[in-house]
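Visitor: Structure for this input, please:
(one chain, ligands or ions: 1)
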Amino acid sequence: MSRFEGKKVLVTGAGRGFGRVLALAFANEGADVVVHYNSSSAGAEETAKEIRALGRKAVTVQGNIASYAEVQAITETAFSEFGHIDVLVNNVGDMALNQTSWRELDEKVVDHTLAVDVKGTMFMIHEVGSRMIEGDAPGGSIVNIGSQVVIAGSPRAPQYAAAKYGVIGLTKSYARALAPKVRVNTLGAAFMETEALKNRHDWTHGRREQVLAQTPLGRIATPEDMVPPTLFLAAEDSRHMTGQFLLCNGGLAMVGA
Ligand SMILES: NC(=O)c1ccc[n+]([C@@H]2O[C@H](COP(=O)([O-])OP(=O)(O)OC[C@H]3O[C@@H](n4cnc5c(N)ncnc54)[C@H](OP(=O)(O)O)[C@@H]3O)[C@@H](O)[C@H]2O)c1
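Guide: Sure thing, here's the model as predicted:
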């Protein structure tokens, strides 16, 4: 399938983890990709190299999305390199990985999570979205990577849950602001075994087994499991959806007998 033939896609945080897997998946379906990263420059170059090996264009761009000026620079690079952007995936997220309990209240950690996940995602939607609807720009789709935490909360890092709730607010607000040219939706991932999760302290100390036991489908997602629903929200397949939250969690959030 080549749903993104000739399309221009910007994936944030594509130097590692889920963003890297996503960037390659878009290229596999025909897209040219702007590979954004913050600190993973080697990973971003490797992602770009693999995209070019598929016969697609790739450019890398660095920036801290919690800074409005840096988001403006990222956007400028993306549009000047590719002319327009059809799809933005806001994959960047700070999960407060070193925090193991709500009891570890650290103001800097809280501020950081909120700055990256809420402010950063907002800046990205705002800047890229504004240009996606400008003049005769073709419009397109924005997909935010959200989380199961908006269903279940996070006693480990409550600010992470608050931040991902914030992303839902941004999704609904910008879905209305940018309509009808641009759709904005959020994918809700549950536990997805990226290196970040695999290395998390609680994950290696019993949490994995606990989650597995509570997941009706009896498996933990790989990043590759989350690719099809993300590409669905990015593609024409979801053309009548905007402002929505699509949960993909192996049934983990189900309640009842
Ligand atoms: N893994 C899970 O279990 C899980 C579950 C639900 C939802 N999610 C969501 O899925 C997304 C990806 O998760 P992941 O496991 O792949 O995460 P990850 O491995 O921790 O990667 C985080 C990404 O965010 C980027 N980043 C962090 N702070 C940044 C900043 N200030 N400015 C720009 N980029 C920044 C990092 O870039 P650099 O490396 O270049 O610095 C990296 O690419 C996140 O939004 C996360 O909340 C993950």
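Visitor: use CA for all of it now, contacts and neighbours both
Guide: Fine.
Visitor: Name the residues of the stretch 51-200 of the chain found near the ligand, please.
Guide: Within the stretch 51-200 of the chain, the positions lying close to the ligand (C-alpha under 6 Å from any ligand atom) are 63-66, 91-95, 116, 145-147, 189-194, 196-197.
Visitor: hmm, try it at 8 Å
Guide: Selection of the stretch 51-200 of the chain residues close to the ligand by C-alpha under 8 Å from any ligand atom yields 62-67, 90-95, 97, 115-117, 120, 144-149, 164, 188-197.
Visitor: Give the PyMOL command for selecting the buried subset of these.
Guide: Only the buried entries of those go into this PyMOL selection, using 16 or more other C-alpha atoms under 10 Å:
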select buried, resi 62+63+64+65+66+90+91+92+93+94+95+97+115+116+117+120+144+145+146+147+148+149+164+188+189+190+191+192+193+194+197
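Visitor: Among the residues of the stretch 51-200 of the chain next to the ligand, name the ones in helices.
Guide: 149, 164, 195-197 (DSSP state H).
Visitor: and which of the residues you listed is nearest to residue 82?
Guide: residue 164 (29.8 Å; C-alpha to C-alpha).
Visitor: Test my guess that the closest one contacts residue 118.
Guide: Yes: here residue 164 reaches residue 118: they are 7.4 Å apart, a contact under C-alpha atoms under 8 Å.
Visitor: Grab the nearest non-local neighbour of residue 82.
Guide: residue 8 (6.8 Å; C-alpha to C-alpha, 6 or more residues apart in numbering).
Visitor: gap between that neighbour and residue 119?
Guide: 24 Å (C-alpha to C-alpha, to the nearest Å).
Visitor: contacting residues around residue 160?
Guide: Contact partners of residue 160, counting by C-alpha atoms under 8 Å, 6 or more residues apart in numbering, are 94-96, 113-114, 149, 154.
Visitor: now, which of the residues you listed sits nearest residue 230?
Guide: residue 149 (17.6 Å).
Visitor: what sits against the nearest residue to the closest one once chain neighbours are set aside?
Guide: Closest residue to residue 149 apart from its sequence neighbours, by C-alpha to C-alpha, 6+ apart: residue 161 at 5.2 Å. Applying C-alpha under 8 Å, 6+ apart, we find residue 161 in contact with 149-150, 153-154.
Visitor: Which of those residues sits closest to the ligand?
Guide: residue 149 (7.6 Å; C-alpha to the nearest ligand atom).
Visitor: how much space between the closest one and residue 32?
Guide: Residue 149 is 32 Å from residue 32, by C-alpha to C-alpha.
Visitor: Residue 93 now?
Guide: 23 Å.
Visitor: And for the closest residue to residue 194 other than its chain neighbours, the neighbour number?
Guide: Nearest residue to residue 194, sequence neighbours excluded (C-alpha to C-alpha, 6+ apart): residue 17, at 5.4 Å. For residue 17, the count of nearby residues is 19 (other C-alpha atoms under 10 Å).
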